[in-house]
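Participant: sharing a model prediction with you, sequence too.
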Amino acid sequence: MYRDVVLPRVLEQVVNCKDELAQYYLMDCIIQVFPDDYHLQTLETLLGACPQLQSTVDIKTVMSQLMERLSNYASSTPQVLPEFLEVEAFTKLSDAVVKVIEAQHDMPLVGAVGLHVSLLTFTLRVHADRLDYVDQVLGACVRRLEGSGKVNDSRATKQIVALLSAPLEKYNDVVTVLTLNNYPRIMEHLDYGTNKVMAVVIIQSTMKHNTLITTSEKVEALFELLKELIKDGEGAPPVDELDEEDFKEEQNLVARLVHMMVNKDQDEMFKILMTARKHFLQGGPRRLGFTIPPLIFVALKLVRSLQGESEAEEGAVTLNKVFQFLHQTVEALSSVPAPELALRLYLQCAEAANDCDLEPVAYEFFTQAFVLYEEEISDSKAQITAIHLMIGTLQRMNVFGVENRDTLTHKATGYSAKLLKKPDQCRAVYACSHLFWVEDEGGVRDGERVLLCLKRALRIANAAQQMASVTRGGSGPVTLFIEILNKYLYYYEKGNPQISSGAIQSLLELIITEMKSENNAQDPTVDAFLASSLRYIQFQKQKGDSVAERYAAIQV
């Protein structure tokens with residue numbers, strides 16, 4: 001009765017009345033008054049009237065309300081879902097949206113996109129498992145946007161963002177969204193700023209739901225969506241004009257995304273790294289400082305997974321290939337320039353090569369670090385940090401033969417003695433003593449060269465005291481002497497035969513004399529440092545073991 005008599009006659013009256021307010025009101029009444037199952041069974045008839053309404057009728061709202069009511073019906077009554085498939089509800093709604101847009105030539109873009117948003121919302125609620133339906137809706141929207149270039153209408157832009165956000169919110173999985181062929185085609189119609197906003201939303205969704213990007217093809221597709229963050233796109237302002245804080249926040253998001261690129265298959269993981277680097281290198285020098293470091297650390301994870309593996313098949317990824325990748329990638333930072341960052345990364349790579357027992361590779365990375373130090377790092381504070389990093393890393397290396405180790409330690413001690421300020425020279429030189437005494441099994445133990453480093457540090461400390469006396473009229477703090485005393489105690493305790501109790505006694509007396517000097521500036525911190533060192537000596541003397549016997553000769 002309703003399908004064959006009531007609805008056709010009511011719709012006939014609606015279409016014939018020609019009054020836009022009446023048509024809108026009557027269509028709204030039909031949708032709100034009659035039951036959901038009636039609408040489902042008479043969908044074709046009801047939708048057939050929509051293109052015949054006056055062009056000024058707000059048909060977008062009418063159809064959106066119908067689709068919302070049907071999707072609510074499907075959500076609240078899951079057993080009726082087969083009926084939706086039986087009556088081909090999606091196909092009918094999709095065809096109706098296209099016909100309405102074609103019939104209303106002057107429909108604004110915001111209205112057309114809004115209809116597609118409603119249709120997509122219906123699809124995601126009723127047919128969430130049908131990705132082909134979702135892509136079909138996006139494709140219909142692409143066809144409507146064709147020829148319009150970048151969308152400038154802010155209301156339409158907002159609707160497009162809602163359209164693109166809906167699948168992300170529904171599936172909570174960027175990888176699923178990457179399978180939608182029309183998704184990137186819609187993003188092409190957004191302006192630069194809105195594209196960046198969408199790119200940030202995509203990365204945040206990936207991070208929130210711990211979505212792993214597992215193939216190079218997916219990385220390629222994802223980076224196509226994120227291109228506004230990764231490189232300067234069309235309509236982008238000059239890099240210098242970007243807001244510094246926003247830029248850093250965006251690039252840090254991209255950096256975090258790199259750690260979501262994971263695959264246990266080593267060959268595929270290497271392809272992922274190559275793909276990511278290809279895109280990052282197009283981003284310009286300003287972005288590389290953010291994107292290269294995470295790429296290096298993910299590659300170092302791959303190195304660890306390849307460690308100890310037998311001969312690889314032909315064409316498979318090998319340690320040498322990954323180390324070549326690492327070398328070329330760090331080298332790219334020279335265009336930034338970021339010598340301090342590059343030096344740290346070279347040292348990380350050298351340690352990885354050490355763990356893999358690849359002496360030539362480790363030596364090459366260290367050589368590059370030293371070259372950077374010599375040629376690029378001129379700031380005195382940066383030099384101090386770099387020297388201590390190189391000394392610390394070199395001390396942990398056990399892969400080098402005698403010749404290579406001697407070359408590198410000689411370079412490190414030479415750089416230490418050439419720092420600008422005497423106190424910095426002193427600290428770097430006594431730090432070098434650890435290069436000649438390594439506690440690990442099989443480590444080098446050259447007591448004589450340790451003593452030479454400590455004596456050299458003492459000479460530099462004396463020179464620093466004399467300079468303070470000349471320039472400030474006082475001898476300056478004796479912190480350096482106390483620091484060297486602690487180094488003497490360390491090696492004395494470790495059994496270095498070159499460090500005698502007499503040398504420690506002489507140094508103690510020198511420190512106490514300096515502390516009592518009238519010219520010495522009183523400093524509570526220095527007093528506390530010395531008191532702590534003396535307490536340590538007393539503690540060791542009272543232990544009652546072999547260490548106590550050695551400390552017995554030292555008089556405090």
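Facilitator: Received it, and whenever you're ready, just let me know what you need.

Participant: contacts for the strand or helix carrying Phe84?
Facilitator: Using DSSP states H and E, Phe84 sits within helix 81-86. Contact with helix 81-86 is made by Asp37, Leu40, Leu70, Ala74, Phe90, Val126, His127, as judged by CB atoms under 8 Å, 6 or more residues apart in numbering. For glycine as for every other residue, the C-beta is placed from the backbone atoms N, C-alpha and C.

Participant: starting at the chain centroid, how far to it?
Facilitator: Helix 81-86 sits 45 Å away from the centroid of its parent chain (CA atoms, centre = their mean, to the nearest Å).

Participant: which is the next helix or strand following the top helix by length along the chain?
Facilitator: For the chain, the helix with the greatest residue count under DSSP state H is helix 447-472. Going down the chain from helix 447-472, the next helix or strand is helix 479-493, by DSSP H and E.

Participant: so that next one versus helix 447-472, what angle?
Facilitator: Angle between the axes of helix 479-493 and helix 447-472 is 170 degrees (criterion: axes from the mean of the first three to the mean of the last three CA atoms, to 10 degrees).

Participant: helices or strands up against helix 479-493?
Facilitator: helix 422-432, helix 447-472, helix 501-516, helix 524-541, helix 546-551 (3 or more CB pairs under 8 Å, 6 or more residues apart in numbering; DSSP states H and E).

Participant: mean confidence score for it?
Facilitator: Average pLDDT, helix 479-493: 94.

Participant: returning to that earlier point: and the helix holding Phe84, which residues are buried?
Facilitator: Phe84 (16 or more other CB atoms under 10 Å).

Participant: next one: stretch 295-310
Facilitator: Buried residues in stretch 295-310 (16+ other CB under 10 Å): Leu295, Ile296, Val298, Ala299, Leu300, Leu302, Val303, Leu306.

Participant: same question for stretch 415-435.
Facilitator: Using 16+ other CB under 10 Å as the test for burial, stretch 415-435 gives 415-416, 419, 422-435.

Participant: about what we covered before: can you tell me which of the contacts of helix 81-86 are buried?
Facilitator: Leu40, Leu70, Ala74, Phe90, Val126, His127.

Participant: check which helix or strand the third one maps to.
Facilitator: For Ala74, the host element (DSSP H and E) is helix 59-76.

Participant: which strands and helices sit next to that helix?
Facilitator: Using 3+ CB pairs under 8 Å, 6+ apart: helix 59-76 touches helix 20-33, helix 36-41, helix 81-86, helix 89-103, helix 109-126.

Participant: mind putting those helices into a markdown table with mean pLDDT and distance to Asn404?
Facilitator: Formatted as a markdown table, the helices and strands packed on helix 59-76 follow (pLDDT from 0 to 100; distance: least, CB to CB, whole Å):
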| stretch | mean pLDDT | distance to Asn404 |
| --- | --- | --- |
| helix 20-33 | 80 | 82 |
| helix 36-41 | 79 | 79 |
| helix 81-86 | 88 | 71 |
| helix 89-103 | 88 | 69 |
| helix 109-126 | 92 | 62 |
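
Participant: could you find the closest non-adjacent residue to Asn172?
Facilitator: The shortest distance from Asn172 to any non-neighbouring residue, by CB to CB, 6 or more residues apart in numbering, is to His209 (4.6 Å).

Participant: do Arg287 as well
Facilitator: Once flanking residues are discounted, Arg287 sits nearest to Gln251: 5.8 Å by CB to CB, 6+ apart.

Participant: ok, the one you found touching Leu288?
Facilitator: No - judged on CB atoms under 8 Å, Gln251 makes no contact with Leu288 at a distance of 9.7 Å.

Participant: which of those two has more neighbours?
Facilitator: Shown here are Gln251 and Leu288; by other CB atoms under 10 Å, Leu288 has more neighbours (23 against 19).

Participant: about what we covered before: what do Gln251 and Leu288 both touch?
Facilitator: When CB under 8 Å, 6+ apart defines a contact, no residue borders Gln251 and Leu288 alike.

Participant: what about Ser205, neighbour count?
Facilitator: Applying other CB under 10 Å, we find 18 residues neighbouring Ser205.

Participant: what sits against the residue nearest to Asn172?
Facilitator: Asn172, Asp173, Val174.

Participant: those in helices, which ones?
Facilitator: Applying DSSP H to these, the entries found in helices are Val174.

Participant: before we move on, the earlier item: what's the closest of the buried residues of stretch 295-310 to Ser532?
Facilitator: When the buried residues of stretch 295-310 are compared for distance to Ser532 (CB to CB), Leu300 wins out at 38.7 Å.

Participant: just checking, what packs against the one helix or strand that closest one maps to?
Facilitator: If you go by DSSP H and E, Leu300 is part of helix 285-306. The elements that helix 285-306 packs onto, with contact taken as 3+ CB pairs under 8 Å, 6+ apart, are helix 244-258, helix 266-280, helix 319-331, helix 339-355.

Participant: right, and these - which one's nearest Thr367?
Facilitator: Across the helices and strands packed on helix 285-306, Thr367 has its closest neighbour in helix 339-355 (8.9 Å, CB to CB).

Participant: which other helices and strands contact the longest helix of the chain?
Facilitator: So helix 447-472, by 3+ CB pairs under 8 Å, 6+ apart, packs with helix 422-432, helix 479-493.

Participant: now with 10 Å?
Facilitator: Contacts defined by 3 or more CB pairs under 10 Å, 6 or more residues apart in numbering; DSSP states H and E place helix 447-472 against helix 402-416, helix 422-432, helix 479-493, helix 501-516.

Participant: tell me which of those helices is the most buried.
Facilitator: Ranked by mean neighbour count, those are led by helix 422-432 with a mean of 23 (mean count of other CB atoms under 10 Å).

Participant: what mean pLDDT does it have?
Facilitator: Helix 422-432 carries an average pLDDT of 95.

Participant: can you pull the contacts of Val142?
Facilitator: Neighbouring residues of Val142 by CB atoms under 10 Å, 6 or more residues apart in numbering: His116, Asn181, Asn182, Tyr183, Pro184, Arg185, Ile186, Glu188, His189.
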